[in-house]
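Q: After the sequence you'll find the predicted model.
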Amino acid sequence: MAETIAVLSLKGGTGKTTTVRTLTDVFRRIGLDVLAIDLDPQGNLSDYFDVAPDATPTIADVLGGQAKAKAAAHGGVIPATPILAEVERTMSGKMGRELVLRKALKDVRKEHDLVLIDCPPALGLLTVNGLVAADWALVSSEAQYFALQGVEGALEVVEQAKEFYNPDLEWLGVVMNIADMRTVHSRDSYTALREHFGDHVFSTVIRASIAYAESAEKATSILDHRPDLGADYMALAAEVLERVGLDGWRRKLEPLLAGTAA
């Protein structure tokens, strides 16, 4: 069964979708079979992967019971469209609504090495479904004054999903995104996270850059658009693989890491 990681943040603009997109790229480049799932009605991950806007079926069809997850995968991505918001409202009146995605992914998880889920930046039924379907929860945090409160809020959701629906769910950690470590503010934000959450905070910090928006607009991975920035995600991917116990794949990443350090 594929290790499944839900990436979440309870506010927008934390680099969450870029994290899913780029980690998927890194993992695929070392040979892992990765399925990326866009669970956000905004569909930003789908756009980032350049999935056709009219591609069908989508995750909305999967959650609505009109399609199997395997049929909804387009180039290794199950896309989302704004209609997903309506499907979420429809799901809210059904029994077992928190388990819909988990059941839908049961078979397709057998066909991949990793599944990455881009949750919407809000506490709602879609986010809960993402967590209930996952083995791991990765929290994305912006390097801002209120980062600590944001992470604490996300962790409350993770703990509730674990307590009531998915006892096997584990917190993978928190990554600090969009950070300029040359500033006292970013350094203080990182220190506060470390003091509060200890080793759950990834050592890797993702640097802030307009290049991420440029690469998203071009539907091009940051690994190709700006390899120097892609090095941050190479390092983060190495930490993720180590934490989920995929040490063999972690070793396969070492030559790429060495290349970025050269």
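A: Now that the structure is in, tell me what you want to look at. Residues are numbered from 1 along each chain as shown.
Q: where does the stretch 1-150 of the chain dip in pLDDT?
A: For the stretch 1-150 of the chain, applying pLDDT under 70 flags the ranges 145.
Q: and if you look at the stretch 151-262 of the chain?
A: Using pLDDT under 70, the stretch 151-262 of the chain drops low at 261-262.
Q: try it again with 90
A: Along the stretch 151-262 of the chain, the parts satisfying pLDDT under 90 run over 151, 177-189, 192, 208-213, 215-221, 227-230, 254-262.
Q: just the strands in it please.
A: 170-179, 201-207 (DSSP state E, counting those that start in this stretch).
Q: For these, state which one has the densest average packing.
A: A comparison of the strands of the stretch 151-262 of the chain by mean neighbour count, using mean count of other C-beta atoms under 10 Å, puts strand 170-179 on top with a mean of 22. To be clear about C-beta, it is placed using only N, CA and C from the backbone, and glycine gets the same treatment.
Q: Pairing partners for that one, with directions?
A: Strand pairing for strand 170-179, determined by DSSP bridges: strand 136-142 (parallel), strand 201-207 (parallel).
Q: Would you reformat those strands as TSV and include distance to residue 37?
A: Shown next, in TSV, are the strands paired with strand 170-179 (distance: least, C-beta to C-beta, whole Å):
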stretch	distance to residue 37
strand 136-142	14
strand 201-207	21
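Q: so which of these gets nearest residue 189?
A: With C-beta to C-beta as the measure, strand 136-142 is the member of those nearest residue 189 (8.2 Å).
Q: just checking, residue 111 touches residue 69?
A: No. The pair residue 111 / residue 69 is not scored as a contact, 9.5 Å apart, by C-beta atoms under 8 Å.
Q: Which one of those two is surrounded by more residues?
A: residue 69 (24 against 14; other C-beta atoms under 10 Å).
Q: if you skip the residues just before and after it, what's nearest to the more buried one?
A: residue 108 (4.2 Å; C-beta to C-beta, 6 or more residues apart in numbering).
Q: What is the burial count for the one you found?
A: 20.
Q: Could you pull up the residues touching it?
A: 35, 68-70, 73, 115 (C-beta atoms under 8 Å, 6 or more residues apart in numbering).
Q: From residue 4, how far out is it?
A: Residue 108 is 10 Å from residue 4, where distance means C-beta to C-beta, to the nearest Å.
Q: who touches both of the two?
A: residue 115.
Q: coming back round to it: with distance to residue 147 as added columns, please give the strands of the stretch 151-262 of the chain in CSV.
A: Listed next are the strands of the stretch 151-262 of the chain as CSV, based on distance: least, C-beta to C-beta, whole Å:
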stretch, distance to residue 147
strand 170-179, 7
strand 201-207, 10
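Q: Any idea how many residues pack against residue 198?
A: Neighbours of residue 198 (other C-beta under 10 Å): 9.
Q: Likewise for the one 10 residues further on?
A: Using other C-beta under 10 Å, residue 208 has 18 other residues around it.
Q: Restricted to buried residues, select the contacts of residue 108 in PyMOL.
A: To isolate the buried members of those in PyMOL, using 16 or more other C-beta atoms under 10 Å:
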select buried, resi 35+69+73+115
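Q: what two of the contacts of residue 108 have the greatest distance between them?
A: Among the contacts of residue 108, 68 and 115 lie farthest apart (C-beta to C-beta), at 14.8 Å.
Q: how near is residue 10 to residue 151?
A: 9 Å.
Q: Likewise for residue 251?
A: 30 Å.
Q: Between those two, which is the more surrounded one?
A: residue 151 (23 against 12).
Q: Verify the contact between that one and residue 140 for me.
A: No. Under the criterion of C-beta under 8 Å, residue 151 makes no contact with residue 140, lying 9.3 Å away.
Q: Quickly list what's touching both of those two.
A: With C-beta under 8 Å, 6+ apart as the test, residue 151 and residue 140 both reach residue 174.
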